[in-house]
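> Could you look at this predicted model? Sequence included:
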Amino acid sequence: MLSYRHSFHAGNHADVLKHTVLSLILAAMKEKDKPFLYLDTHAGAGRYLLNSDRAERTGEYREGIARIWQREDCPALLEPYLTVINHYNRSGTLRYYPGSPLIARQLLREHDRLHLTELHSSDYPLLRSEFQKDPRAEVLRADGYQQLKSQLPPPSRRGVILIDPPYEMKTDYQDVVAGIQEGYKRFATGVYALWYPVVLRQNVKRILAGLEKTGIRRILQIELALRPDSDQRGMTASGMIVINPPWMLEQQMNELLPWIHQALVPEGIGHTLVRWVAPE
C-alpha cells in the first residue's frame, strides 16, 4: 500500500522520543574506536520541510521539537540530538527536521557505515539525493525486513539496527517481531531499536508478547504518552523497544523522560515508562 508519508508528522512527540533514544545509543557506540554499521530499515525521505503544506496541515511539530529545541534549560543528555537539529537550522528558525538517517549521518564517524532502505516511490529518490556524496552510505529501494537477513552480521561485528515501519499494515506488528528474530539469529550482539506507536494498546501488547516468546533477553521498553490510552482514532503515545541497550541507557532515560514529558505536556497528563521487558 505504502501511502504513509512521514512529512505530515515530522518533528512530533514520537520523533522527539525516537531520535533522543537513537542519539544516545549512537553516542554510546562511539565510545569504542571500532567502527559499526547503522542499518535503517524504513529510512523515509531523510529531511522534512516544516513549513510545507503537509507539515503545516497537522502542525504536529509545534507540540514536539518546537517546544524544546531552543530552551535554555535543556538537559545535557539532549545535546547529541539537539546538536543535529541545530545543524540543519543554523539560521535560528526551525525550518527543517532531520529524520533518523540524517541524525545518524551527523553523529557517525568517518569509518562507520550507513545502510539505508526505503520502498516508497517518492521518498526513495529524496533519500538517495541526500546521501549521493556520502561514501559511508549505501541507499537502496528495498524491503527493510529483508535487510535483517542480508546485511547481518556486519563485518565489524558491531551495529545499531533501527526498525521504524509506518504500521499502516496490520501485519507490521507481526513482521517487526519476525524481523528482529531473524536478525538476532545472525547477529545476537547488535543493538536493535524498534519504534512503535500507541494507537491501540492491544497491538503494543502483541509486539511485547511476541518478543518475549523469542527468548531474547535484555529488552528495554521506553514510552512517552501525551494522553491516556484511548479507543478513539489517533496516536496517544509512542515508544522504543531496545534490545542490547548500552549500559547507561536505562539510567539516562529515567533522568531525561520526566523533563521531556513536562516540556511537551505542561498539563501533566499522560505518562512515561522505562522498564525491562526481559532482563539479562
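Structure's in. What do you need?
> State the next helix or strand along the chain beyond the lowest-mean-pLDDT helix or strand in the chain.
Of all regular secondary-structure elements in the chain, judged by mean pLDDT, DSSP states H and E, the least confident is helix 53-58 with a mean of 64. Scanning forward in sequence from helix 53-58, with DSSP states H and E defining helices and strands, the next element found is helix 79-87.
> May I see the buried residues of that following helix?
Applying a neighbour-count criterion of 16 or more other C-beta atoms under 10 Å, the buried positions in helix 79-87 are P80, Y81, L82, V84, I85. Every residue, glycine included, has its C-beta placed from N, CA and C.
> helices and strands around it, which ones?
Of the remaining helices and strands, those touching helix 79-87 by 3 or more C-beta pairs under 8 Å, 6 or more residues apart in numbering; DSSP states H and E are helix 13-29, strand 96-98, helix 100-107.
> Out of these, which is closest to E168?
Taking C-beta to C-beta as the measure, the helices and strands packed on helix 79-87 were each checked against E168, and helix 13-29 came out nearest at 14.7 Å.
> before we move on, the earlier item: format the buried residues of helix 79-87 as TSV; extra columns: pLDDT.
Listed next are the buried residues of helix 79-87 as TSV, based on pLDDT from 0 to 100:
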residue	pLDDT
P80	96
Y81	97
L82	97
V84	97
I85	97
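> Let me know the closest of those residues to L140.
Of all the buried residues of helix 79-87, V84 has the smallest distance to L140: 23.2 Å, by C-beta to C-beta.
> Run through the stretch 1-150 of the chain and note the low-pLDDT ranges.
For the stretch 1-150 of the chain, applying pLDDT under 70 flags the ranges 1-8, 52-58.
> Now do the buried residues in whichever strand or helix holds K185.
Using DSSP H and E, the element containing K185 is helix 172-186. Along helix 172-186, the positions that meet the burial threshold by neighbour count (16+ other C-beta under 10 Å) are D172, Y173, D175, V176, V177, G179, I180, Q181, G183, Y184.
> Go ahead and confirm P228 touches G268.
No. P228 lies out of contact with G268 (C-beta atoms under 8 Å); the separation is 12.0 Å.
> Next secondary structure after the host helix or strand of W259?
Counting by DSSP H and E, the secondary-structure element that holds W259 is helix 249-264. Of the helices and strands lying after helix 249-264 in sequence (DSSP H and E), the nearest is strand 271-278.
> now for that following strand, which elements pack on it?
Contact here means 3+ C-beta pairs under 8 Å, 6+ apart; on that basis strand 271-278 packs against helix 201-214, strand 219-225, strand 237-243, helix 249-264.
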